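*Asks:* okay, predicted coordinates and the sequence, questions at the end:
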Amino acid sequence: MSQALIAQLLACLGADQVLTDPAAQATYLNDWRGRYHGRALAVVLPQTTQQVAEVVRLCVSNNTPIVPQGGNTGLCGGATPDDTGRAVIVAMTRMNRIRDVDARNFSITAEAGATLDDLKAAADHVDRLYPLSLGAGHQSTLGGTLATNAGGLQVLRYGMTRDLCLGLEVVLPDGTVWSRLAGLRKDNTGFDLKQWFIGAEGTLGLITAATMKLYPRPAARALIWLDLPDAKSAVCAHERAQSVFAGAQTASELISAPTLTLVRQHLPEVQLPGTASWPEHWALMMEVSAHDQIFLEALLDGWRRACARDGQSPGLVATSVADQQALWAIRKGLAEAQKREGLSIKHDIGLPISGIPVFLKEASAALEQTFPGIRIVAFGHIGDGNLHYNLSYAEPVANDSLMARSHDANQIVYDVVTRLGGSIAAEHGIGQLKSGWLEAHAPAGSIDLMRKLKDALDPKGLMNPGKVLNARR
Ligand SMILES: Cc1cc2nc3c(=O)[nH]c(=O)nc-3n(C[C@H](O)[C@H](O)[C@H](O)COP(=O)(O)OP(=O)(O)OC[C@H]3O[C@@H](n4cnc5c(N)ncnc54)[C@H](O)[C@@H]3O)c2cc1C
């Protein structure tokens, strides 16, 4: 059966688009963090929507699981197959054409394998902004960011990927193509079907193209870097910034000192600009964007006045491009620095912004009781109430035993999150990392409804099995 499917795939796509040799498959079988490793019958690299549809039809008629993959930068193991070797990975990276940029409609239509950097460059070319920004933008794809509903650094102003999406083209699990790529901002023609596929992590269909919003490109930007004693002060500073900058504030990022230590250890090329010194406890980094320099200066004057009124320092205000790039390199390097340090237990949690200091206090106290001396690397998008909360020990043997007790550590963290009315998955998705936890933490009735939708669209359960929802027992 499996040899027959390989022969059909080869006939459909040709030898350079079907990888069966384990060495050629290797990069597709492991996740970015090196935490998940799988096997696959084949990795296919389609170049058109019709080829994707044909691949899906062939897999379904051979009862073969399908694992969609974009840039393979996801952090929850969603793009890694299981270890049975039965699945076909559909890697979308060769479907990366920009189909249309409509500057007047502030929209772009592109294929799913286009990277975020491709989208940004195409938007730049017509003096527009594609605002989704992640540390992995050179590799993360449009399809992967839609499938995980990625967030990133500018959600505060522009929203998550879901908010940027105007239309989708999707290959459904029966191989038919559903397409609604109209660049409309208002369209109330029945159910908003595209929402089913956004954040579904490839479990309901394979996204082949999308129409996304563009924005005017800001002409002037500044970054504020604050050195703060605790997370409560960061929440207050963020609140002050919101009241001064309102919609002009495009980012608000919190970084703890242990996180900065990892950056300094593993990314020595990353430096603070000028005479600034590394914060002892917390850094808060806030971006302000404006349509011209005069307006930006007025906003920054307002910030200095508000800080003086409250008896607080305005922090380092970086207005040169070089200084801003240096500060962004710190923020964008955090995931890489954590990866170079070794495995950690990662959490990506959503909380009310006001609940962040309480969470940090209560979670660290509870963890310290069970895991004395545990190292907490916390950072995140404070303006979105989204924390990345990573746990490890510096010493490898202790870290191995912590990894073996991931379940206990997760339980402690998620108990506090739930008590504070938060979410166990803010922007990275569920993948295989959290499918078990989702069952326990989803709002009442949600899993049941998700399963009904899944069964209706994918009755054989072949689209990315074991991701988001647990495989059926
Ligand atoms: C350094 C770094 C920084 C990051 N920073 C952020 C951040 O700030 N904010 C944030 O939200 N995330 C962040 N991420 C994780 C983020 O989720 C991914 O980078 C991105 O969303 C995944 O895109 P990808 O193309 O790599 O998808 P993949 O990893 O290939 O896939 C992710 C999921 O989407 C599915 N999928 C992929 N393509 C398709 C498709 N065409 N159709 C259907 N399903 C598909 C896969 O099956 C999988 O379930 C970061 C990751 C890294 C490595």
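*Replies:* In hand now; what should we look at? Residues are numbered from 1 along each chain as shown.
*Asks:* contacts, neighbours, all on C-alpha from now
*Replies:* OK.
*Asks:* surely residue 13 touches residue 48?
*Replies:* No: counting by C-alpha atoms under 8 Å, residue 13 stays clear of residue 48, with 10.2 Å between them.
*Asks:* give me the pLDDT for residue 276.
*Replies:* What the model reports for residue 276 is a pLDDT of 78.
*Asks:* repeat that for residue 244.
*Replies:* Looking at residue 244, the pLDDT reads 97.
*Asks:* same check, this time on residue 1
*Replies:* In this model, residue 1 carries a pLDDT of 63.
*Asks:* and what about residue 285, helix, strand or coil?
*Replies:* With DSSP: H, G, I helix; E, B strand; the rest coil as the basis, residue 285 sits in strand.
*Asks:* that one contacts residue 224, correct?
*Replies:* Yes: here residue 285 reaches residue 224: they are 5.6 Å apart, a contact under C-alpha under 8 Å.
*Asks:* now stretch 451-462 - C-alpha only, PDB.
*Replies:* Extracted in PDB, the C-alpha atoms of stretch 451-462 (Å, rounded to 0.1, in the frame of the first residue of the first chain):
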ATOM      1  CA  ARG A 451     -14.600  17.200  17.600                       C
ATOM      2  CA  LYS A 452     -17.900  17.600  15.800                       C
ATOM      3  CA  LEU A 453     -16.400  20.100  13.400                       C
ATOM      4  CA  LYS A 454     -13.300  17.800  12.900                       C
ATOM      5  CA  ASP A 455     -15.500  14.700  12.300                       C
ATOM      6  CA  ALA A 456     -17.600  16.600   9.800                       C
ATOM      7  CA  LEU A 457     -14.700  17.900   7.700                       C
ATOM      8  CA  ASP A 458     -12.200  15.100   8.200                       C
ATOM      9  CA  PRO A 459     -14.200  11.900   9.000                       C
ATOM     10  CA  LYS A 460     -11.200   9.600   8.600                       C
ATOM     11  CA  GLY A 461      -9.100  11.800  11.000                       C
ATOM     12  CA  LEU A 462      -6.200  12.000   8.600                       C
END
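*Asks:* give the buried residues for it.
*Replies:* 454, 457, 458, 460, 461, 462 (16 or more other C-alpha atoms under 10 Å).
*Asks:* that stretch close to the ligand?
*Replies:* No: Stretch 451-462 does not reach the ligand (C-alpha under 6 Å from any ligand atom); its nearest approach is 12.1 Å.
*Asks:* for the strand or helix carrying residue 328, packing partners?
*Replies:* If you go by DSSP states H and E, residue 328 is part of helix 321-332. Here helix 321-332 touches strand 220-228, going by 3 or more C-alpha pairs under 8 Å, 6 or more residues apart in numbering; DSSP states H and E.
*Asks:* need the contact partners of the strand it packs on.
*Replies:* For strand 220-228, contacts defined as C-alpha atoms under 8 Å, 6 or more residues apart in numbering pick out 234, 278-293, 296, 313-320, 324, 327.
*Asks:* ok and that strand relative to helix 321-332, angle-wise?
*Replies:* Between the axes of strand 220-228 and helix 321-332, defined by axes from the mean of the first three to the mean of the last three C-alpha atoms, to 10 degrees, the angle is 50 degrees.
*Asks:* ok so, going back, chain center to the helix holding residue 328: distance?
*Replies:* The chain centre lies 20 Å from the centre of helix 321-332; the measure is C-alpha atoms, centre = their mean, to the nearest Å.
*Asks:* quick one: buried residues of it?
*Replies:* Quick answer for helix 321-332 (16+ other C-alpha under 10 Å): 323, 324, 326, 327, 328, 329, 330, 331, 332.
*Asks:* where does the second one land on pLDDT?
*Replies:* Residue 324 is assigned a pLDDT of 95 by the prediction.
*Asks:* and it, how far from residue 467?
*Replies:* Using C-alpha to C-alpha, to the nearest Å, residue 324 is found at 38 Å from residue 467.
*Asks:* regarding this protein, what is its longest helix?
*Replies:* Ranked by residue count and defined by DSSP state H, the top helix of the chain is helix 293-309.
*Asks:* who does the helix or strand just after that helix touch, helix- and strand-wise?
*Replies:* Once the chain leaves helix 293-309, the next helix or strand it forms, by DSSP H and E, is strand 316-318. Packing contacts for strand 316-318, counted by 3+ C-alpha pairs under 8 Å, 6+ apart, involve strand 220-228.
*Asks:* who does the strand it packs on pair up with?
*Replies:* Sheet pairing of strand 220-228 (DSSP bridges) gives strand 282-290 (antiparallel), strand 316-318 (antiparallel).
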